[in-house]
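>>> model the structure of this input:
(2 chains)
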Amino acid sequence: MADRSDDVTRRRLLRDGLWGACLAGVGGVVGFAAQKGRKTDLLWQIDPYKCIACGNCATHCVLEDSAVKCMHVHAICGYCRICFGFFDPEPFELTEGAENQICPTGAIERKFVEDPYYEYNIDESLCNGCGKCVKTCNAFGNGSLFLQVQHDRCVNCNQCAIAAACPSQAFQRVPADNPYLLKSVDHA
Amino acid sequence: MLHVREIFVVLVAMLALSVVASGLERFPPPEFETDYVRPTTTVPHPRQDVWEYIDAGVLLAALGLAAYLVLRRRSRNATFVLMVFSLAYFGFFRKGCVCSIGAIQNIALTAFDPSYAVPITVVIFFALPLVFTLFFGRVFCGAVCPLGAIQDAVLIHPVKVPRWLENGLRSIAYLYLGAGVLLAATGCMFIICRYDPFVGFFRLGANWNLLVLGGCLLLIGLFVGRPYCRFLCPYGVILRQFSRLSRWRVSITPTECIQCRLCEDACPFGAIRKPTEKWPASEYKVAKRRLTCLLVLLPILVGAGGWAGHELRPWLAQAHPQVRLAQRIYLEENDPAAGTTDASDAFRATGRPNAELYAEAAQIRGRFAIGGALLGGFIGLVIGGKLLSLSVKRRRTDYEADPASCVACGRCYAYCPKEHERLTQKKTTAVAHG
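Okay, the predicted model is just below:
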């Protein structure tokens, strides 16, 4: 113990008072934050209606392999034979050849359903979150492709590095019990 | 099929107009003739919330154990083992997030942003080390904080930093705390987390610049004990003040100081203070006058700092992305040669009127006027307080650990001959009893 005398001196009283005030201060902050606070954690997510698919997600994540990946909601998809999210803007021919695809990693798989419809799926292990397909699908197609933070990969930094670099401020914190902002059909 | 032709017509029209719009259903979802079923979108689930509570539990246990090991067991080795555990658990296993240092900003944001509710676990991470510091001193820094641990682990050849340099460099931490709270409270970003120098090592990969910064700090840390803790850590600034008031704290000797001076150079963090002699009466008089002058100067410094912070508001406000966007839009409106950026394109695509953005930016600038004044006042207060503390001479009869600077690592114990006496005694009584 620091104080050797047990007498109540002026200095000691001041010290004890300050000590109590600090403890009460911490208590006050905890009380205020807890009364306002939430039990679930907050996670980062992209609002797909704000996202402009600039490509920062692929490069700014603290992870080597970005936690942001492309997602596909088939209910919105037009199942186009000529998919703007799949083919390069100037394809050599309309086949699955890598030189004809817009995806730099070949992460989009195309499957014939019935004439003239094709199903498109994302191979998450290949997708790097660059958003090239998202951009063209949004510009010329139905916009069924969009970027989302994949929460099995995301390490949930207190300050997301991509959010800090996002030009359209599409990143927001969402509650952990509902951590995705998927596009839906009935959105205006 | 008609559908294919339709696609081409629409494509040509789109390319000609090059309209960029989103959310349009340009191609109606097909009605399949075969029994094809649309796949549903599956989403990977986040980590269970229970982990957050486990973290809080581990923090509480580690803090309690640290207080016991440092103050009661007085064992550097045991403290070191706990420190390595904390580095492994909070650092490498939990990837350094969330930590108490960063939690300052969550608390600041929740205090000023009504829409942000801070998770309970973050509150626990913020408050627990503070409470423990009020009771036991900075045991959090010594054995629990992963950032402190990684620096402590690399310290091989401690060099003494002159007191004046240490005092000067420490002001950076106060500035960092002020800036971190201001930027978090105004909703710009969490700079303390953004520029956390060691989190890149914990995650084994990060932005190159940050890895270089962290590497430099660790290189310095080989010779200068815990450079981040002493000169930069914003949470450390709060803990310093709390630690001055702590109920129990590190005392170098277990019984009484015999003034052997053996512990004088024991502390790699410059926390051991020598005994002082009584001031001669003549010097005392000068010091008293100096103190009075400084006490008068204090409000002037606070006022001047507040004014300077208020004047710097246009510059400070640029930290907010919305203000930067408004400036960019304004520039583009008035200078056609400026071109556009991703951010301004994104803003225009939303169709919001410029006036709305300008109004929002003006409101944020207003917040920075108050926040900047507060930050400036805080810095003035820190400078004034530092001057005051330099002109007050405390009397010490023994070698003591400065409660503010001591991080409770337990290194100094082994230097005290009285401690060796105690250990031998303990051993002999143990032998006699056992």
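>>> buried stuff in the helix ranked longest in chain B?
Scanning chain B for the helix with the most residues, using DSSP state H, yields helix B:354-391. Counting neighbours by 16 or more other CB atoms under 10 Å in any protein chain shown, one finds that the buried residues in helix B:354-391 are B:357, B:360-361, B:364-365, B:367-369, B:371-385, B:387, B:391. (C-beta placed from N, C-alpha, C; glycine too.)
>>> backbone dihedrals for residue A:169, please?
Backbone torsions for residue A:169, taken as degrees, to the nearest 10, come to phi 50, psi 40.
>>> number of residues surrounding it?
Burial measure for residue A:169: 15 neighbouring residues, criterion other CB atoms under 10 Å in any protein chain shown.
>>> go on, residue B:130?
The burial metric for residue B:130, expressed as a neighbour count using other CB under 10 Å, is 20.
>>> before we move on, what SS does it have?
Reduced to three states with DSSP: H, G, I helix; E, B strand; the rest coil, the structure at residue B:130 is helix.
>>> contacts only, for it.
Taking CB atoms under 8 Å, 6 or more residues apart in numbering or on different chains, we find residue B:130 in contact with A:22, A:26, B:238-239, B:242.
>>> where does the prediction get shaky in chain B?
Residue ranges of chain B with pLDDT under 70: B:1-25, B:434.
>>> quick check: can you list the domain ranges of it?
B:51-276+B:409-433, B:281-391 (automatic domain parsing).
>>> give me phi/psi at residue A:109?
Backbone torsions of residue A:109, given as degrees, to the nearest 10, read phi -100, psi 140.
>>> per-residue confidence for it?
Per-residue pLDDT puts residue A:109 at 93.
>>> count of neighbours near the residue nearest to it when sequence neighbours are not counted?
Across the structure, with CB to CB, 6 or more residues apart in numbering or on different chains as the measure, the residue nearest residue A:109 apart from its sequence neighbours is residue A:121 (4.7 Å). When neighbours are defined as other CB under 10 Å, residue A:121 has 13 of them.
>>> let me know the secondary structure of residue A:121.
Counting by three-state DSSP, the backbone at residue A:121 sits in strand.
>>> number of residues surrounding the nearest residue to residue B:417 once chain neighbours are set aside?
Counting by CB to CB, 6+ apart, residue B:260 is the residue found nearest to residue B:417 once chain neighbours are left out, at 6.0 Å. Applying other CB under 10 Å, we find 13 residues neighbouring residue B:260.
>>> how far away is residue B:260 from residue A:116?
With distances defined as CB to CB, to the nearest Å, the gap from residue B:260 to residue A:116 amounts to 92 Å.
>>> quick one, what contacts residue B:55?
In this structure, residue B:55 makes contact with B:90, B:94, B:98, B:121, B:125, judged by CB under 8 Å, 6+ apart.
>>> one more time with 7 Å, if that's ok
By CB atoms under 7 Å, 6 or more residues apart in numbering or on different chains, residue B:55 lies in contact with B:94, B:121.
>>> now it: how far from residue B:98?
Residue B:55 sits at a distance of 8 Å from residue B:98 (criterion: CB to CB).
>>> so what are the sheet partners of the following helix or strand past the longest helix of chain B and their directions?
As assigned by DSSP states H and E, the chain's next helix or strand after helix B:354-391 is strand B:400-401. Taking DSSP bridges as the criterion, strand B:400-401 forms sheet pairs with strand B:272-273 (antiparallel).
>>> pick out the residue of chain A closest to chain B.
Evaluated by CB to the nearest CB, chain A has residue A:78 as its residue closest to chain B, separated by 3.0 Å.
>>> show me what counts as buried in the strand or helix carrying residue B:179.
When elements are assigned from DSSP H and E, residue B:179 belongs to helix B:163-185. The neighbour-count check on helix B:163-185 (16+ other CB under 10 Å) flags B:166, B:170, B:173-185 as buried.
>>> just those residues that are near chain A?
The overlap between those and the neighbours of chain A (CB under 7 Å from any CB of the partner chain) is empty.
>>> related to what we said a few turns ago, so the helix holding residue B:179 versus helix B:354-391, what angle?
Using axes from the mean of the first three to the mean of the last three CA atoms, to 10 degrees, the interaxial angle of helix B:163-185 with respect to helix B:354-391 works out to 150 degrees.
>>> to the chain's geometric centre, what's the distance from helix B:163-185?
10 Å (CA atoms, centre = their mean, to the nearest Å).
>>> how about stretch B:57-67?
Between the mean C-alpha location of stretch B:57-67 and the chain-wide mean there is a distance of 20 Å, by CA atoms, centre = their mean.
>>> spell out which parts of the stretch 101-250 of chain B neighbour chain A.
When proximity is defined as CB under 7 Å from any CB, the stretch 101-250 of chain B approaches chain A at B:102, B:107, B:110, B:117-121, B:123, B:127, B:130-131, B:134, B:189-190, B:193-194, B:203, B:205-207, B:242, B:245, B:248-249.
>>> again, but for the stretch 251-400 of chain B
By the criterion of CB under 7 Å from any CB, the positions of the stretch 251-400 of chain B lying close to chain A are B:321, B:341-343, B:345-346, B:349.
>>> hang on, the residue nearest to residue B:417 in a helix?
No. When three-state DSSP is applied, residue B:260 is found to be coil, with no helix at that position.
>>> what separates it from residue B:60, distance-wise?
Applying CB to CB, one obtains 38 Å for the distance of residue B:260 from residue B:60.
>>> buried residues in the longest helix along chain A?
For chain A, the helix reaching the highest residue count under DSSP H is reported as helix A:10-36. By neighbour count with 16+ other CB under 10 Å, helix A:10-36 contains the buried residues A:19, A:22-23, A:26, A:29-30, A:33.
>>> closest residue of the stretch 1-150 of chain B to chain A?
Ranking the residues of the stretch 1-150 of chain B by distance to chain A (CB to the nearest CB) places residue B:27 first, at 3.0 Å.
>>> dump the residue contacts of that residue.
For residue B:27, the residues meeting the contact criterion (CB under 7 Å, 6+ apart) are A:78, A:80, A:141-142.
>>> of all pairs in those, which one spans the longest distance?
Using CB to CB, the two most remote members of those are A:80 and A:142, lying 8.4 Å apart.
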